[in-house]
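Novice: What follows is a predicted structure for the sequence shown.
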Amino acid sequence: MSWVLVMPIAVPFLTAVVAYLARNYPAGRWISLAGSVLSLVASAVLMAAVLDQGVIAAQMSNWNAPFGITLVADYLAAVMVVITAITGLATAIYALGEIPEETESLGFYALFQTLIAGVTGAFLTGDLFNLYVWFEVMLIASFSLLVIGGGKDRLDAGIKYVALNLVSTLVFLSGIGLLYGVTGTLNMADLREAVANAENQGLITVIAMMFMVGFGVKAAVFPLFFWLPASYHTPYFAISAIFAGLLTKVGVYALMRMFTLVFVGDVGFTHEILIWVSLLTMFTGVIGAAAQTDFRKILSFHIISQIGYMTLGLALFTPLALMGGVFYLVHHIIVKANLFFVAGLAKQYAGDTDLNRIGGLYKSAPLLAVLFIIPAFSLAGFPPLSGFWAKYLIVKAAIELDAWFVAFVSLLVGLLTIFSMTKIWGMAFWKPHPEGYDPTPDRAPPKVTRAMIVPIAGLAAMTIVIGFYPEPFVQFAQTAATQLLDPSDYVTTVLGVQP
Amino acid sequence: MNSIIFTAAARLLVALMFVFSLFMLLRGHHLPGGGFIGGLIGAVSFIVYSLACGPAEARKALRITPEVIAMLGLGIALLAGMFSFFLGDPLFTGQWYWVGGDSYETSAFSLNTVLVFDIGVYLVVLGGILSLTYAFEEET
């Protein structure tokens, strides 16, 4: 039983080891691809087990909770693991077309698989300190991936990224220390009870705010987001896609977990702050995007603005809002990773990502134009694509609470998102290619491989499927939200399970 | 560093420290020691060697690149943890086989996955530290 939970973490780790040993041979990339397929299988098995039995938990090394490390999967964790594996597989395929051999022999695939293992571990762990460890695994892998391949820009971005993330990790770690001092436990399920019974509730709120800041930096919420647009536009496209898709979502996931499971004693205070933070995040992100002319920078600012919707789902703290938040989380990972993939392909055709220097893609790559329009309009919330349902749920939740201002901002930000997307569309796809900037798409033989089209098409197909057939996904999100709001199942499974 | 005294002393020190690191590794789990501390001491011995004879010579003495050592160690540690799969236990559950008894006190020695895990940790620490320090030494 417990191995169902272990395999999604162990498979990418083992793949990393083997892929590193084979890094100088072409076999390395196929090993990575095979590992990603196996991860997907492992996470599908986990998902099947969760759908079958509800919350499942396992005690590592046979140390019972709350003393050992617990791995636990409820609906939210399971779907995040599956979506991580899907994004990982898409990236592994895309990397076949993009990553040059020199970078491969530096151990690209090993780092990439370690990153996937770290993200999966963060989703599955039921122990706060273990969560910190997974954050570190992620940070080390992502820092190396950010600077791999060299170049001044990448180092500059890497230093900003690592410095700010270290600060966040330190705040998080101090929070853990304080929490352990107050309650004497770090098992999340055990903490729920311990935090509720703690004498000094004021201190608990302070600790909650430390966690909010720590995870907030990871999730890139206002005003802690500035590392994200400073770093996401420099690495390889495959890497920025996986970063954009997954890394910030780990922060959102951690926020969702902690602020539904543990820190629910003072919802009026903590979640009120979260509402304002979310609104400002949404708004500043989308305004920041309007000022940019680089393909990837626009997309980076949009990550921030979209993060706001997810945390808003958490902040409103009703079943419908949380359901929207969960739905948004999943939809956004698919869409955002895909948009970065498209940006990479656009660069292959047009030679740059600065929108002033490229154009005419509609003429030279009509298929790419179609594949861009799907995730772009989904991101903006056009019906009937997946983003529409995600936004619809959040706005509906806000209206049900009579939070008209919140609903208004959500809709306004959606409108401004369309503005950015049409800007990319107009400048990169419709406008003729500007004179003087080589290569002009008509003449340059684009170095496009099928490896780069396949994941884009696959993720776009998923967006459409979720858009046209949202019923099972919405129902799934509903169950996930119910489990989040009433975690008694989670707590009893973790604390009661006998190995 | 071109000092005859240091180079001559290094020969002795390196071998001693390396043997001591293995001793620390094997001593671990029941007594203070273990893979992490053993790996650190082992790394120090190679660092002393590279200070005395230069990083190129030290790399040759290692035979395998430190990065590969670290990754192999990671693999060994993981596989040691996954061994418990065959006995139906969760990941990283220590499996013990006592030779000539049934506990630490009564048996002569034991075969266990904990030591294998520790060897993995030893290699990770050794390889990790050495890849860092060699990179620094070669840069200057």
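Specialist: Looks like it arrived, so ask away.
Novice: mind listing the strands for the chain?
Specialist: Just so you know, I chose chain A. Ranges of strands in chain A, per DSSP state E, are A:56-59, A:70-73.
Novice: could you do chain B instead?
Specialist: For chain B, the strands defined by DSSP E cover B:96-99, B:109-112.
Novice: Take the ones you listed and write them to JSON lines, including distance to chain A.
Specialist: Quick note: C-beta positions are derived from backbone N, CA and C, even for glycine. Shown next, in JSON lines, are these (distance: least, C-beta to the nearest C-beta, whole Å):
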{"stretch": "strand B:96-99", "distance to chain A": "12"}
{"stretch": "strand B:109-112", "distance to chain A": "13"}
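Novice: And the helices in chain B?
Specialist: B:4-27, B:35-53, B:55-62, B:66-82, B:113-139 (DSSP state H).
Novice: Deepest in the core, which of the strands of chain A is it.
Specialist: strand A:70-73 (a mean of 26; mean count of other C-beta atoms under 10 Å in any protein chain shown).
Novice: Which strands and helices lie in contact with that one?
Specialist: helix A:2-21, helix A:27-53, strand A:56-59, helix A:108-124, helix A:188-197, helix A:488-496 (3 or more C-beta pairs under 8 Å, 6 or more residues apart in numbering or on different chains; DSSP states H and E).
Novice: how about low-confidence regions in chain A?
Specialist: Within chain A, the segments meeting pLDDT under 70 span A:1, A:436-448, A:497-499.
Novice: Show me what from it comes close to chain B.
Specialist: With the criterion set to C-beta under 8 Å from any C-beta of the partner chain, chain A comes near chain B through A:2-3, A:6, A:10, A:13-14, A:16-18, A:20-21, A:58-62, A:107, A:110, A:499.
Novice: sorry, back to before: buried deepest among the helices and strands packed on strand A:70-73, which one?
Specialist: helix A:108-124 (a mean of 28).
Novice: Just list what it packs against, helices and strands only.
Specialist: helix A:2-21, helix A:27-53, strand A:70-73, helix A:75-98, helix A:128-147, helix A:237-242, helix A:248-261.
Novice: what's the angle from the fourth one to helix A:2-21?
Specialist: Counting by axes from the mean of the first three to the mean of the last three C-alpha atoms, to 10 degrees, helix A:75-98 lies at 20 degrees to helix A:2-21.
Novice: Return the residues in contact with the closest residue to A:Ile464 other than its chain neighbours.
Specialist: Nearest non-adjacent residue to A:Ile464, counting by C-beta to C-beta, 6 or more residues apart in numbering or on different chains: A:Ile374, 6.5 Å away. By C-beta atoms under 8 Å, 6 or more residues apart in numbering or on different chains, the contact list for A:Ile374 reads A:338, A:385, A:460, A:463-464.
Novice: residue ranges with poor pLDDT in chain B?
Specialist: In chain B, residues with pLDDT under 70: B:1, B:140.
Novice: Quick one: residues contacting the residue positioned nearest the centre of it.
Specialist: In chain B, the centroid-proximal residue (C-alpha atoms, centre = their mean) is B:Tyr122; its distance is 2.9 Å. Counting by C-beta under 8 Å, 6+ apart, B:Tyr122 makes contact with B:21, B:25, B:35-36, B:38-39, B:42, B:73.
Novice: What subset of these is buried?
Specialist: Among these, those buried by neighbour count (16 or more other C-beta atoms under 10 Å in any protein chain shown) are B:21, B:25, B:35, B:38-39, B:42, B:73.
Novice: Contacts for stretch A:214-230, please.
Specialist: A:135, A:157, A:160-161, A:163-165, A:167-169, A:171-172, A:175, A:213, A:247-252, A:254-255, A:258, A:277-278, A:280-281, A:284-285, A:288, A:292, A:297, A:300-301, A:303-304, A:307-308, A:311.
Novice: what's the farthest-apart pair in the buried ones among the contacts of B:Tyr122?
Specialist: B:Ser21 and B:Gly73 (13.7 Å; C-beta to C-beta).
Novice: Now distance to B:Leu12 too, for the contacts of B:Tyr122, in JSON lines please.
Specialist: Putting those into JSON lines (distance: C-beta to C-beta, whole Å) gives the following:
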{"residue": "B:Ser21", "distance to B:Leu12": "15"}
{"residue": "B:Leu25", "distance to B:Leu12": "21"}
{"residue": "B:Gly35", "distance to B:Leu12": "25"}
{"residue": "B:Phe36", "distance to B:Leu12": "25"}
{"residue": "B:Gly38", "distance to B:Leu12": "20"}
{"residue": "B:Gly39", "distance to B:Leu12": "21"}
{"residue": "B:Gly42", "distance to B:Leu12": "16"}
{"residue": "B:Gly73", "distance to B:Leu12": "27"}
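Novice: Not counting sequence-adjacent ones, nearest residue to A:Phe13?
Specialist: Residue nearest to A:Phe13 in three dimensions, not counting chain neighbours: A:Ala117, with 4.6 Å by C-beta to C-beta, 6+ apart.
Novice: who touches the residue in the stretch 251-400 of chain A that chain B sits nearest to in this structure?
Specialist: Using C-beta to the nearest C-beta, the closest approach of the stretch 251-400 of chain A to chain B is made by A:Arg257 at 21.5 Å. Applying C-beta under 8 Å, 6+ apart, we find A:Arg257 in contact with A:76, A:188.
Novice: So which residues on chain B come close to chain A?
Specialist: B:67-68, B:71-72, B:74-75, B:78, B:82, B:85, B:89-94.
Novice: Surely A:Leu368 touches A:Lys347?
Specialist: No: counting by C-beta atoms under 8 Å, A:Leu368 stays clear of A:Lys347, with 11.0 Å between them.
Novice: distance between stretch A:66-84 and the chain's centre?
Specialist: Put simply, stretch A:66-84 sits 15 Å off its chain's centre (C-alpha atoms, centre = their mean, to the nearest Å).
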